[in-house]
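# What follows is a protein structure lacking sequence information:
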């Protein structure tokens, strides 16, 4: 059984340290990468001690995330792949040699961070502390450790201060292709094993001591459909890491390693304390919730169960996912603590910077062989299908304990993905259209859910601009619009999903990765109605109607039309308690149809869309009476 248990950490007294001389800020080219990541000059005032005063602590507290944020800006400005520079499907971070997260960029993909620490601990076991040197660049995506689809490539470098290995600078980013069937967002759930999916890179040094591994570089170049893009992204990831090494050197040279390491421990302790304080306010007990996805893409007549048990005990939280499905033959497996960590962070400190202290009061239980802790070589190409719904289920379990904070269910999909690829008629080069279309979030205790927003797992990921898509690829985006009535009805309405209509101007292939939430749509809370599920619709030339699709790499002719449809969020509270004026506004804005306004919300509007207050009161009273009778009849039927 894979169990993570972080013991309580007592606040440590701040240590003292030396104040060394600041080194140069000048950048080094790739050929001089071996020079980066360490301080070479003797510190000024060697032997003098420095206390960790509050001002220094705050400077370091803000400097560490600032480094990760600057890495993100560097990556975004230099990458080749729209998924990085526009959609922002990446994260940048600093991780110490124990695999503890020191900092992450603001808005970085949430579920990426959960599995960076295990990559470091695995590397330390393989290479040992003495197995790294300045100028090393490691590339990895192997599912035995990383536990995600192979497109998520991690590039990282060691940081040394005065010859001692202290931490690693890391970038995980989505490549548009890693060979096999990986083009786009991955190979999908029907891929039987990782060898079919694409290249597996297991903690390999693409640079060792500053020298390029030419053989490995050629292997990558020869086995990727878009080598210019993917290898360009690799160099961008390396550039971001080199920038971080420079910034760390400046920081460590100024304050010294003892001061910074003591500050990091203090930051961890204080972050842990803040999270514990939130959980401490909850009533001790065991809270459970269940959901499912319709099928795994292979066994289409079998649901994939999801179950979360959350135990609150004096400020500590245990999330037990043992009740989730076992690992599947379909490629929806993963090997990750992401769902538990994302849910915990969202509940305890969503606006606070994330670091290892954010999770010290969290215990996670996931048995080996679980769909969330699958054993290699279980296929993981479609790993993201299930994760957001697991997060939602964990949050749902705590609805009774946190009635003032827990929202209804959201669309629960890592984006309604637009993926179309083919050969550009003018350049004669391969192209890939990629975007992530957001959906609706659940209604909240005090307000409506957000519309057209990416999932809880995706940080600041955004959809690609229509102008950018059409400028670079031979497609036309006919429409991107909110779906009327897609948000679940409630006192606070669920957010709306999107309909994005795309027409391809050349023949090519579409990826249709179905959300599989038709029978378990985003749920409502406290009387709220569920949101609608998403879909992919295709209409070929000469056809009159669209049809639902689910298939990877599906070939289509010129002038085919596709609608990428995302789900809406569930409603919070009884729809009959929603202010009639708000329902009227929704109808005017075409967020809710007139029929749903009357039949579900009990709001009657005249032809000129003014509110008929008397008819509205009568209609609502009638709907309440009907609901009461149905509740009584249902209770009678349940009695033996």
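The structure has been received and is ready for your questions. Predicted model, so just to flag it, every value in this text is computed and none were measured.
# rest of the way, CA atoms for contacts and neighbours
Noted.
# ok, the nearest residue to residue 444 once chain neighbours are set aside - how many residues close by?
Nearest residue to residue 444, sequence neighbours excluded (Cα to Cα, 6 or more residues apart in numbering): residue 407, at 4.4 Å. Close neighbours of residue 407, defined as other Cα atoms under 10 Å, add up to 30.
# What's the per-residue pLDDT of residue 407 here?
pLDDT recorded at residue 407 is 97.
# correct me, but it touches residue 446?
No. Residue 407 is beyond contact range of residue 446, at 9.4 Å (criterion: Cα atoms under 8 Å).
# chain center to the longest helix along the chain, what's the gap?
Counting residues, the longest helix in the chain under DSSP state H turns out to be helix 227-255. The chain centre lies 22 Å from the centre of helix 227-255; the measure is Cα atoms, centre = their mean, to the nearest Å.
# same deal with stretch 75-90?
On Cα atoms, centre = their mean, the centre of stretch 75-90 falls 15 Å from the chain's centre.
# Show me what counts as buried in it.
In terms of neighbour count (16 or more other Cα atoms under 10 Å), stretch 75-90 has its buried residues at 75-76, 78-90.
# what stretches of the stretch 401-550 of the chain score poorly on pLDDT?
415 (pLDDT under 70).
# so where do the strands sit in it?
Listed from the start of the chain, the stretch 401-550 of the chain has strands (DSSP state E, counting those that start in this stretch) covering 416-423, 430-437, 475-482, 498-504, 508-512, 535-539, 547-548.
# would you turn those strands into CSV with mean neighbour count and distance to residue 450?
Output for these, formatted as CSV (neighbours: other Cα atoms under 10 Å; distance: least, Cα to Cα, whole Å):
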stretch, mean neighbour count, distance to residue 450
strand 416-423, 24, 16
strand 430-437, 22, 14
strand 475-482, 17, 11
strand 498-504, 22, 12
strand 508-512, 22, 25
strand 535-539, 22, 19
strand 547-548, 14, 26
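# would JSON lines of those strands with distance to residue 270 be doable?
Formatted as JSON lines, those follow (distance: least, Cα to Cα, whole Å):
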{"stretch": "strand 416-423", "distance to residue 270": "38"}
{"stretch": "strand 430-437", "distance to residue 270": "36"}
{"stretch": "strand 475-482", "distance to residue 270": "42"}
{"stretch": "strand 498-504", "distance to residue 270": "40"}
{"stretch": "strand 508-512", "distance to residue 270": "45"}
{"stretch": "strand 535-539", "distance to residue 270": "44"}
{"stretch": "strand 547-548", "distance to residue 270": "50"}
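# so which of those gets nearest residue 110?
Proximity to residue 110, assessed across those by Cα to Cα, is greatest for strand 430-437 (15.4 Å).
# Sheet-wise, list the partners of the closest one with their directions.
Strand pairing for strand 430-437, using DSSP bridges, gives strand 416-423 (antiparallel).
# what separates the partner strand from the chain centre, distance-wise?
Relative to its chain's centre, strand 416-423 lies at 20 Å (Cα atoms, centre = their mean).
# now it against strand 508-512, angle please.
160 degrees (axes from the mean of the first three to the mean of the last three Cα atoms, to 10 degrees).
# residue ranges of the helices in the chain, please?
Using DSSP H, helices in the chain cover 54-78, 82-85, 110-113, 116-127, 194-197, 214-222, 227-255, 257-280, 338-348, 387-397, 466-472, 580-588, 594-599, 613-638.
# export those to CSV and tack on distance to residue 518?
Below are these laid out as CSV (distance: least, Cα to Cα, whole Å):
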stretch, distance to residue 518
helix 54-78, 36
helix 82-85, 28
helix 110-113, 24
helix 116-127, 33
helix 194-197, 27
helix 214-222, 39
helix 227-255, 35
helix 257-280, 34
helix 338-348, 21
helix 387-397, 13
helix 466-472, 28
helix 580-588, 25
helix 594-599, 20
helix 613-638, 24
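# mean pLDDT lowest for which of the ones you listed?
helix 110-113 (a mean of 74).
# Show me the beta-bridge partners of residue 156.
Here residue 156, judged by DSSP bridges, has bridge partners residue 138, residue 170.
# So for stretch 350-357, what gets flagged as buried?
Going by neighbour count (16+ other Cα under 10 Å), the buried part of stretch 350-357 is 353, 354, 355, 356, 357.
# try stretch 266-283
266-276, 279-280, 282.
# Show the low-confidence segments of the stretch 1-150 of the chain, by residue range.
Using pLDDT under 70, the stretch 1-150 of the chain drops low at 1-51.
# go with 90
1-52, 81-83, 85-89, 107-115, 146 (pLDDT under 90).
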